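K.L.:
Prediction below, plus the sequence it came from.
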Amino acid sequence: MLRGQIALVTGGSRGIGRATALAFAGEGADIGFCHIDDAATAAATEAAIRALGRRVFAARVDVADIAAGRSFAAAVEAALGPVDILFNNAGANIRKPFEDMTEADFDGVVDVHLKGMFFMAQNVYRGMLVRGRGCIINVASQLGIKGGPNIAPYCAAKAGIAGFTRALAWEAAPRGIRVNAIAPGPIDTDLVRRNSPEWQEAFKARLPAGRFGTAEEIAATALLLAGPHGGYYVGATLSPNGGDVMH
């Protein structure tokens, strides 16, 4: 389904990023991915991609560093070829009451999510324009839709990602580039597992699905958007969330 294509995945060493990188590789794509201070897990992900018979290029990159992100995108293209698919996934979060949030807290979250995603998309967009095709998938969150306590910068950034996705889609679609977003609900990843078992069980009890999602379920959504059957999604935000948000 993706044979001959090059996919760039940010935050690709673990969780949703890793599952998506492996899903893309399983469908024939070569993978460039970045991580931050996650060398051992990144090496295991590289090995898993190679085991699928695909080429891979990985590097440590802080996507909030715009120049570093630009250099990484160029390195992926030099190593593998022009990027056909961007899975804009890298993220970070800080939990504090609103009144305790500092400017540094705000910038740390927004720079990774909104600013980092904006400019990583720009890094691959110009080449996509020249070729007249491409796919950009930005990872938002259901928390950008419903909000949540003690994570105001995160919710604001994730809502901004959905808005950015719609804005870029208006420009990109007539030029052959598909831009969409995924807003996952609670997924069984390291981020969710940091919460207490009591918190996890209480949250699952509130969900109509009665469970957390898996990283592979989000990867399946990304595969739909990236593949040949996703062509009529334009500026959409798909939200696999177990019923946490229905809209």
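P.N.:
Structure's in. What do you need?
K.L.:
Tell me who's in contact with the spatially most central residue of the chain.
P.N.:
The residue lying closest to the centre of the chain (Cα atoms, centre = their mean) is N89, at 2.0 Å. Taking Cβ atoms under 8 Å, 6 or more residues apart in numbering, we find N89 in contact with 9-12, 16-17, 20, 139. C-beta here means a position set from N, CA and C on the backbone, and glycine is covered the same way.
K.L.:
Next, check these against the strands and list the overlap.
P.N.:
Mapping the contacts of N89 onto strands (DSSP state E) picks out 9, 139.
K.L.:
Could you list the single helix or strand in the protein with the lowest mean pLDDT?
P.N.:
In the chain, the helix or strand scored least confidently by mean pLDDT, DSSP states H and E is helix 190-193, which has a mean of 78.
K.L.:
residues in contact with that one?
P.N.:
Here helix 190-193 has contacts from 14-15, 93, 186, 200, 212, using Cβ under 8 Å, 6+ apart.
K.L.:
sorry, back to before: got the confidence number for the residue nearest to the centre of the chain?
P.N.:
For N89, the pLDDT comes out at 97.
K.L.:
Ramachandran coordinates for it?
P.N.:
phi -120, psi -20 (degrees, to the nearest 10).
K.L.:
Among the contacts of helix 190-193, name the ones in helices.
P.N.:
Counting by DSSP state H, the contacts of helix 190-193 place 15, 200 in helices.
K.L.:
Which stretches in this structure count as helices?
P.N.:
Using DSSP H, helices in the chain cover 15-26, 39-51, 66-80, 103-110, 116-131, 143-146, 152-172, 190-193, 197-206, 215-226.
K.L.:
Distance from the longest one to the middle of the chain?
P.N.:
Spelled out, that is helix 152-172. 13 Å (Cα atoms, centre = their mean, to the nearest Å).
K.L.:
Using a markdown table, lay out the contacts of N89 together with neighbour count and pLDDT.
P.N.:
Converted to a markdown table, these look like this (neighbours: other Cβ atoms under 10 Å; pLDDT from 0 to 100):
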| residue | neighbour count | pLDDT |
| --- | --- | --- |
| V9 | 31 | 98 |
| T10 | 26 | 98 |
| G11 | 27 | 96 |
| G12 | 32 | 96 |
| I16 | 28 | 97 |
| G17 | 28 | 97 |
| T20 | 31 | 98 |
| V139 | 24 | 98 |
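K.L.:
Need the CA coordinates for the least confident helix or strand of the chain. CSV is fine.
P.N.:
Extracted in CSV, the C-alpha atoms of helix 190-193 (Å, rounded to 0.1, in the frame of the first residue of the first chain):
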residue,chain,number,x,y,z
ASP,A,190,4.0,5.2,28.9
LEU,A,191,2.3,8.6,29.4
VAL,A,192,-1.0,7.1,30.6
ARG,A,193,0.8,4.4,32.7
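K.L.:
Let the chain start at 16 from now.
P.N.:
All set: I'll call the first residue 16, so the last point we hit is now helix 205-208.
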